[in-house]
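**Student:** structure of the sequence below:
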Amino acid sequence: MKKDKQGFTLVEVTISVALMGIISLLSFLALQSSVKSSSLSYVQNEIDSDLRNTFNELSELVKQAYTEVSANVTPPTMPSGAEAIQIQNEGRGLRFFVPVPVTTPAFIQSSQPITVLFENEDRSAGGVPANALLDDGEDTNGDRALTRRLVMVQGNNRRVIGSANCISNVEFQLLPDRSDSSNTPTLLYIYLEGTKRMGPGEGPLIRAELSGTIKLEN
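**Tutor:** The predicted structure is shown next:
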């Protein structure tokens, strides 16, 4: 007796091809999701790092700022010409003085005034919020980049704080220390928000926040 020839039917082949197609599609979607998640994590870490660097450098810069404590004691410990730290520009700027050691009988004198400015070219217009993209008319300093940073200005010196250029919002507040019964503001609250686009062009907008308080020493 002759044996029947073994093989696959058309239905079996069709089912096999369809299953292979589904498996390939699922594998592609999983790989695409993994790449997107990795890219998102990378951008998020970039923003977090920029905000931390800015916060840490600003903390070192401002922690010795004179406060009302130095002005209200008798005799004042604040050198002549200095002023207590001030919040400016609706909570988005600072002006303060710090002590500077000198080789004179006074030992300490005041620095020149130090100003912290928030420079932000990213504007909202016509009901459209700021988008972390350089739009027409936003490049006010002519550097062909979207400027969003904190800048320290002292006399003729000017530098970016923390080298970050992704800061989308800033808030400063002077707060009293709860352990101090005089209720004199000696704490500086700092809030920083950063945004970046993931990938070129109008990719997803990634956002991060950082906040904390600094104990002002003078």
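**Student:** could you use CA atoms for every contact and neighbour count after this?
**Tutor:** OK.
**Student:** what comes into contact with stretch 90-110?
**Tutor:** With Cα atoms under 8 Å, 6 or more residues apart in numbering as the test, stretch 90-110 has contacts from 62, 64-66, 78-88, 111-118, 170-173.
**Student:** mind listing which of those are in helices?
**Tutor:** residue 62 (DSSP state H).
**Student:** contacting residues for residue 63?
**Tutor:** Contacts of residue 63 by Cα under 8 Å, 6+ apart are 214, 215, 216, 217.
**Student:** and the third one, how many neighbours does it have?
**Tutor:** Going back to what we said before, that points to residue 216. Residue 216 has 18 neighbouring residues, counting by other Cα atoms under 10 Å.
**Student:** quick one, which of the contacts of stretch 90-110 are buried?
**Tutor:** Among the contacts of stretch 90-110, the ones that count as buried by 16 or more other Cα atoms under 10 Å are 62, 64-66, 78-79, 82-87, 111-118, 170-173.
**Student:** the strands in this protein, which residues?
**Tutor:** 86-88, 93-96, 99-101, 108-110, 114-120, 148-154, 157-160, 167-176, 185-197, 205-215 (DSSP state E).
**Student:** note down every partner strand of the fourth one and its orientation.
**Tutor:** The reference is to strand 108-110. strand 99-101 (antiparallel) (DSSP bridges).
**Student:** mean confidence for the strand it pairs with?
**Tutor:** On average, the pLDDT along strand 99-101 is 83.
**Student:** just the buried positions in it, please.
**Tutor:** residue 99.
**Student:** and that strand, how far out from the chain middle?
**Tutor:** 30 Å (Cα atoms, centre = their mean, to the nearest Å).
**Student:** who does residue 95 form a beta bridge with?
**Tutor:** Under the criterion used (DSSP bridges), residue 95 bridges to residue 86, residue 115.
**Student:** could you report the neighbour count for it?
**Tutor:** 20.
**Student:** against residue 162, how distant is it?
**Tutor:** 18 Å (Cα to Cα, to the nearest Å).
**Student:** kindly report the same for residue 196.
**Tutor:** From residue 196 to residue 162 the distance is 16 Å (Cα to Cα).
**Student:** neighbour count winner among those two?
**Tutor:** Neighbours were counted for residue 196 and for residue 162 using other Cα under 10 Å; residue 196 has more, 22 against 19.
**Student:** so that one is in contact with residue 203, correct?
**Tutor:** No - here residue 196 lies out of contact with residue 203, judged by Cα atoms under 8 Å, at a distance of 9.1 Å.
**Student:** which ones are touching residue 114?
**Tutor:** Contacts of residue 114 (Cα under 8 Å, 6+ apart): 94, 95, 96, 97, 152, 153, 154, 155.
**Student:** which residues does the fifth one bridge with?
**Tutor:** For residue 152, the beta-bridge partners are residue 116, residue 159 (DSSP bridges).
**Student:** how many residues are close by it?
**Tutor:** Neighbours of residue 152 (other Cα under 10 Å): 19.
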